[in-house]
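Colleague: Prediction below, plus the sequence it came from.
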Amino acid sequence: MNNKELINYILINEYRKFNADYHHIQKIMNLSNKQKLLDLGAGFGRALEVTQHYPSYYMVEPNEFFVNELVSQYGEDYKKNLFQNKLNELKNFENNFKGIMVLMNAIAEMSPIFQSLSKIALLLKEGGYLLFYVQNPLYISDASIKHGVLIRNNYKVNYTKKLYRDENKGPNSFYLQFDYQNSSEPYKIYQTLPTLSSWIQMLEYNNLRIVELTDNNNESCSDKSIYFRFLVKKNTSKKTSTNKIENLYNNLNESYTCFIKRLDYRVPSRIKNKLPELKIKNKDKILDIACADGYIGKILKRFNQSLIIHGIDLVDKFIDDARKSTFYDSVSKIDINKGLIIPDDSYYDVLIFTGTTEFALNIQNNLKDCNRILKIGGYLLITFPQHISKEEVNKDKITIQTYDENNIREYLKEAKFKIIDLQSGKGYRSQHLNLDVSYYFVIAKRDK
């Protein structure tokens, strides 16, 4: 069966109470009965109740328990159209879908959330729609407590549900706790809930334009809204960049590998030597900040094939190359000078931040963001170009910012990092200056 021929739309559904909105959005998306549907994250199959009139309905659900419940509810016939895949296994569906729905807080459970949003955006065709709901993190109170009865297979279980802030992880971290009758252990689902402004910024980065923004009652959003309801549309063309660095690298007339070889760029070899000091374990989560064409991802995968690596970069050409490299679980576009807008607190075990601080306009804020998204005890491997004169900076055409050792120690301490190792050495050969630009190579550990 050819999945690409079967699937025109993705539906990600969670709760029955939003079924009515499905029919409203159906008109906006111009869905018709001839189009095939895929329910990504099918759960118990609630979405079937509003989509059974479609001639073909396909589901993706990785949880074996949900799959068994779904089959018991609706029969074996539905299993033939059920795929137990995950979001990152749908890479071959890029630019295939006209509409995606993520109802209730389902998107908040797709960690890391910014990278998951980027993956969903890649699946959309230009002009395609994404509908999703997410809870407002400013509206977490006793009103979040709910009581209910779970009815499955002729038995009833009373439960209490409450959303808690996870103060140990950070301001965007929450967990949904279910306390079931006659069960000593609560069931927890961890969620990331960014603020409204963070969502708007993340959508902009992913080339998604807001068409409608309302609360769960279809009224205007405010800080008192319980839920934010986004309907966004994928832009038909990318914005023209006005960023000097972005243009410089997008217009390279050679591969990045050839470019750094010509500059005698020493960072890759230094990273190889430093990896054992980062205490990397199997399946650790690593963020490669300014991943370029994926050369660091290649080094990391050779070091440990099990690593989960996410990359971010500003340059479209690099992002495309890194995605093709297959070393990364995801690659997303972020401009560090607009902030590391990744909302997932205490998520990563290791951050690689090399060859980039020379472009940073506010490194103090960048380092504070690094602390927030890194787990306590996690490691940061970072490079800083050593101080050169303003005249030399202007001539170099690449470097914007340089640092001395006192600056580095001050900035890292301010961001609550403990320096484990700090060494200096050659970074690259500046052809404009005809001299070697040196780097500080630093390993730091998140203290708090």
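Modeller: It's in.
Colleague: what comes up buried for the lengthiest strand in the chain?
Modeller: When the chain is parsed with DSSP state E, its longest strand is strand 417-430. If you call a residue buried by 16 or more other Cβ atoms under 10 Å, then strand 417-430 has these buried ones: Phe417, Gly427, Tyr428, Ser430. All C-beta atoms are positioned from the backbone trio N, CA, C, and that covers glycine.
Colleague: and which of the residues you listed is nearest Arg446?
Modeller: Among the buried residues of strand 417-430, Phe417 lies closest to Arg446 (Cβ to Cβ), at 6.2 Å.
Colleague: ok, that closest one touching Lys445?
Modeller: Yes - with contact defined as Cβ atoms under 8 Å, Phe417 reaches Lys445; the gap is 6.7 Å.
Colleague: what residues are shared contacts of these two?
Modeller: Overlap of the contact sets of Phe417 and Lys445 (by Cβ atoms under 8 Å, 6 or more residues apart in numbering) consists of Leu380.
Colleague: just the helices in the stretch 201-350 of the chain please.
Modeller: With DSSP state H, counting those that start in this stretch as the criterion, the stretch 201-350 of the chain has helices at 244-250, 256-262, 267-274, 295-303, 316-325.
Colleague: any idea which helix or strand carries the spatially most central residue of the chain?
Modeller: Taking Cα atoms, centre = their mean, the centroid of the chain lies closest to Gln115, which sits 1.9 Å from it. Following DSSP states H and E, one finds Gln115 within helix 113-123.
Colleague: Put the alpha carbons of that helix into PDB.
Modeller: Coordinates of each C-alpha in helix 113-123 appear next as PDB, following Å, rounded to 0.1, in the frame of the first residue of the first chain:
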ATOM      1  CA  ILE A 113       7.800  21.000  21.300                       C
ATOM      2  CA  PHE A 114       9.500  23.500  19.000                       C
ATOM      3  CA  GLN A 115      11.100  20.700  17.000                       C
ATOM      4  CA  SER A 116       7.800  18.800  16.800                       C
ATOM      5  CA  LEU A 117       6.000  21.900  15.500                       C
ATOM      6  CA  SER A 118       8.800  22.100  12.800                       C
ATOM      7  CA  LYS A 119       8.200  18.500  11.800                       C
ATOM      8  CA  ILE A 120       4.400  19.100  11.500                       C
ATOM      9  CA  ALA A 121       5.000  22.200   9.400                       C
ATOM     10  CA  LEU A 122       7.200  20.200   7.000                       C
ATOM     11  CA  LEU A 123       4.300  17.700   6.500                       C
END
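Colleague: Which residues are in contact with the spatially closest residue to Ser116 that is not a sequence neighbour?
Modeller: With sequence-adjacent residues excluded and distances taken as Cβ to Cβ, 6 or more residues apart in numbering, Ser116 is closest to Met110, at 3.8 Å. When contacts are counted by Cβ under 8 Å, 6+ apart, Met110 touches Leu87, Ser116, Leu117.
Colleague: ok, so what distance separates Met110 from Val350?
Modeller: Met110 sits 21 Å away from Val350, going by Cβ to Cβ, to the nearest Å.
Colleague: before we move on, what about Thr160?
Modeller: For Thr160 relative to Val350 (Cβ to Cβ), the value is 38 Å.
Colleague: Let me see the backbone angles for Gly75.
Modeller: Gly75 adopts backbone torsions of phi 100, psi 160, taken as degrees, to the nearest 10.
Colleague: Quick one: low-confidence residue ranges for the stretch 51-200 of the chain.
Modeller: 51-58, 60, 78-81, 83, 85-86, 88-89, 103-105, 140-159, 182-183 (pLDDT under 70).
Colleague: Mind doing that once more with 50?
Modeller: 53, 142-143, 152-153 (pLDDT under 50).
Colleague: the strands in it, which residues?
Modeller: In the stretch 51-200 of the chain, the strands defined using DSSP state E, counting those that start in this stretch lie at 57-60, 82-83, 97-102, 124-135, 146-152, 155-165, 173-180, 187-192.
Colleague: Out of the ones you listed, which is closest to Val315?
Modeller: Closest to Val315 of the strands of the stretch 51-200 of the chain, according to Cβ to Cβ: strand 124-135, at 20.8 Å.
Colleague: hmm, back to that, now the residue nearest to Ser116: how far from Tyr403?
Modeller: Distance from Met110 to Tyr403, by Cβ to Cβ: 36 Å.
Colleague: quick one on the thing from earlier: which phi and psi does the residue nearest to Ser116 have?
Modeller: phi -90, psi 70.
Colleague: do the same with His387
Modeller: According to degrees, to the nearest 10, His387 has phi -60, psi 130.
Colleague: Start at 687, not 1
Modeller: Will do, 687 is the new start, and the previous item becomes His1073.
Colleague: and the gap between it and Thr1043?
Modeller: 12 Å.
Colleague: Ok, Asp970 next?
Modeller: If you go by Cβ to Cβ, the gap between Asp970 and Thr1043 works out to 23 Å.
Colleague: what about the spatially closest residue to Phe800 that is not a sequence neighbour, how many neighbours?
Modeller: Nearest non-adjacent residue to Phe800, counting by Cβ to Cβ, 6+ apart: Ile1028, 4.8 Å away. When neighbours are counted by other Cβ atoms under 10 Å, Ile1028 registers 27.
Colleague: repeat for Ile994
Modeller: By other Cβ under 10 Å, neighbour count at Ile994 equals 16.
Colleague: so what's it up against?
Modeller: Lys969, Asp970, Lys971, Ile972, Asp1015.
Colleague: which pair in those spans the largest distance?
Modeller: Across those, the longest distance by Cβ to Cβ is 12.1 Å; it joins Asp970 and Asp1015.
Colleague: sorry, back to before: mind giving me the ChimeraX command for buried ones among the contacts of Ile994?
Modeller: A single ChimeraX command is used to select the members of the contacts of Ile994 judged buried by 16+ other Cβ under 10 Å:
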select :970,971,972,1015
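Colleague: Who wins on neighbours among the contacts of Met796?
Modeller: Neighbour max across the contacts of Met796 (other Cβ under 10 Å) = Leu803, 24 neighbours.
Colleague: and that residue, how far is that from Leu993?
Modeller: 22 Å.
Colleague: Likewise for Thr943?
Modeller: 21 Å.
Colleague: ditto for Ile982
Modeller: From Ile982 to Leu993 the distance is 11 Å (Cβ to Cβ).
Colleague: So for those two, which sits in the more crowded spot?
Modeller: More neighbours surround Ile982 than the other of Ile982 and Leu993, with 27 against 20 (other Cβ under 10 Å).
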